[in-house]
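Novice: Provide a 3D model corresponding to the input given below.
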Amino acid sequence: MHMASKAIRVAALMLFAVLMSWSVEAQDSTVSSAAGSVLPKHLPATSADGRTIGITFDKPLDSTSATRLKNYQVEGTRLRAATLTECRKTVIIQLDEPLKGKTVTVSNLKDTHGNPLGELQLPIHQLGWTVSDIGNPAEPGYCFARHPDSIHLRCGGKTIWQEADTFTFVHRRVTGDFDVRVQLARLDFVHSSTRAGLMLRENLTPGSRNVFVGTYPINATKKWVATCRTESNGTSSLAPGRSYITRSETFDFPNAWVRLKRFGNTITAYYSTDGTSWHQLGKQLVLSDAFPETVHLGMAAVAAVDSPGVATIAEFRHFSNFASGNPAQIVLHGED
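Specialist: Sure thing, here's the model as predicted:
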């Protein structure tokens with residue numbers, strides 16, 4: 001069963017690479033080939049969850065050299081696969097065990113003209129997220145970071161609703177009050193109920209109490225939504241007040257932002273189309289039975305079709321503290 005799960009994840013990763021296509025900003029440094037042409041420049045190597053490493057360049061790479069696993073080494077860590085996104089600018093290295101090394105060595109890569117890039121020693125920027133499949137979805141989820149401000153999540157799952165959830169959660173454990181925001185830059189349509197956003201969760205069981213704020217793909221339900229489950233294994237519901245709001249006719253990704261704030265026993269959800277002007281979604285939720293001091297907080301997505309091979313892709317950018325706009329500095333704890 002364990003080997004089958006690995007095979008599913010490898011197959012999903014390779015499918016993900018075929019689907020992805022992005023543009024990227026380059027680093028300031030310039031590298032030239034012997035022939036005088038400018039070679040691809042790279043962004044920082046980044047690991048979202050210690051299970052994958054993303055390395056993004058500003059120009060396409062030669063597919064053969066970029067997907068040859070022996071061209072990558074991470075001290076003390078076995079590697080499983082190297083894939084290249086459709087635009088051929090981002091290499092996704094999947095690890096066979098949790099990340100131990102702090103540097104990835106890249107060698108023998110070439111650009112599309114056959115020019116060698118030389119050997120690269122890239123420090124790995126670790127973001128410290130954990131990826132959890134809640135409720136055992138038929139299509140396992142996973143994520144990778146294109147760079148420190150961009151997390152891509154591919155996942156299946158049936159629902160974040162009713163008495164039990166089945167979805168993928170990219171999360172950290174946080175203690176005390178918080179006020180965080182994230183940009184949802186992409187969300188692929190699978191079903192009219194496909195959605196993604198921010199979630200506060202008491203624990204990682206399917207029936208956990210939670211609060212969610214998010215939205216749907218362009219060709220799906222045209223709403224901003226906030227939901228909650230206030231009792232363990234209880235029925236989910238819309239958050240109090242006007243928490244199911246029709247989006248503007250001009251709405252489009254990447255102009256989708258959501259925000260979740262906890263102050264003591266009060267939870268407030270917001271949405272925005274620019275990350276600056278915020279609109280409260282529903283009323284403040286005040287629980288008679290407070291969430292514990294330490295909860296799980298992060299990004300959630302669900303395809304709303306729970307079948308093997310069926311998945312949505314969500315891109316989250318700029319997860320940060322609302323007040324400062326800086327990457328959220330929150331107390332991390334060991335995962336359950």
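Novice: what's Val213 sitting at in phi/psi?
Specialist: phi -130, psi 130 (degrees, to the nearest 10).
Novice: Strands of the stretch 1-150 of the chain, start to end?
Specialist: 45-47, 52-56, 72-74, 79-84, 90-95, 103-106, 120-126, 130-134, 142-147, 150-155 (DSSP state E, counting those that start in this stretch).
Novice: Direction included, what does the fourth one pair up with?
Specialist: Spelled out, it's strand 79-84. strand 90-95 (antiparallel) (DSSP bridges).
Novice: per the record, what domains does this protein have?
Specialist: Domain segmentation of the chain under automatic domain parsing yields 15-20+40-126, 130-321.
Novice: lowest-confidence stretch among the ones you listed?
Specialist: Comparing mean pLDDT across those, the weakest is domain 15-20+40-126, with a mean of 92.
Novice: For Val213, give its distance to Val104.
Specialist: The gap separating Val213 from Val104 is 35 Å, by C-beta to C-beta, to the nearest Å. (C-beta placed from N, C-alpha, C; glycine too.)
Novice: Have a look at those two and say which one is more surrounded.
Specialist: Per other C-beta atoms under 10 Å, whichever of Val213 and Val104 has more neighbours is Val213, with 28 against 23.
Novice: nearest residue to the more buried one other than its sequence neighbours?
Specialist: Computed as C-beta to C-beta, 6 or more residues apart in numbering, the closest residue to Val213 that is not its neighbour in sequence is Ala269, at 3.8 Å.
Novice: okay, now that neighbour: neighbour count?
Specialist: Residues near Ala269, counting by other C-beta under 10 Å: 30.
Novice: swap in the one 4 residues further on?
Specialist: When neighbours are counted by other C-beta under 10 Å, Thr273 registers 18.
Novice: helix, strand or coil for the spatially closest residue to it that is not a sequence neighbour?
Specialist: Spatial nearest neighbour of Thr273, chain neighbours left out: Asn255 (4.6 Å); criterion: C-beta to C-beta, 6+ apart. Three-state assignment for Asn255 (DSSP: H, G, I helix; E, B strand; the rest coil): coil.
Novice: residue boundaries of the helices in this protein?
Specialist: All helices of the chain, identified by DSSP state H, fall at 2-19, 63-66.
Novice: List the contacts of His296.
Specialist: 169, 171-174, 199-204 (C-beta atoms under 8 Å, 6 or more residues apart in numbering).
Novice: Out of the residues you listed, flag the one nearest to Gly118.
Specialist: Among those, Arg172 lies closest to Gly118 (C-beta to C-beta), at 36.2 Å.
Novice: how close does the closest one get to Ser237?
Specialist: Counting by C-beta to C-beta - Arg172 and Ser237 are separated by 26 Å.
Novice: So which of these two has more stuff around it?
Specialist: Counted by other C-beta under 10 Å, Arg172 and Ser237 do not tie: Arg172 has more neighbours, with 19 against 13.
Novice: Surely the more buried one and Gly298 touch.
Specialist: Yes: Arg172 is within contact range of Gly298, at 6.0 Å (criterion: C-beta atoms under 8 Å).
Novice: which residues do the two both contact?
Specialist: Trp129.
Novice: circling back: who wins for proximity to Glu293 among the strands of the stretch 1-150 of the chain?
Specialist: strand 130-134 (18.9 Å).
Novice: tally of neighbours for Phe291?
Specialist: 18.
Novice: Identify the residue nearest it in space, chain neighbours excluded?
Specialist: Glu202 is the one closest to Phe291 (C-beta to C-beta, 6+ apart), at 5.8 Å.
Novice: would you turn the strands of the stretch 1-150 of the chain into a markdown table with distance to Val286?
Specialist: Output for the strands of the stretch 1-150 of the chain, formatted as a markdown table (distance: least, C-beta to C-beta, whole Å):
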| stretch | distance to Val286 |
| --- | --- |
| strand 45-47 | 38 |
| strand 52-56 | 39 |
| strand 72-74 | 47 |
| strand 79-84 | 46 |
| strand 90-95 | 43 |
| strand 103-106 | 47 |
| strand 120-126 | 36 |
| strand 130-134 | 25 |
| strand 142-147 | 33 |
| strand 150-155 | 31 |
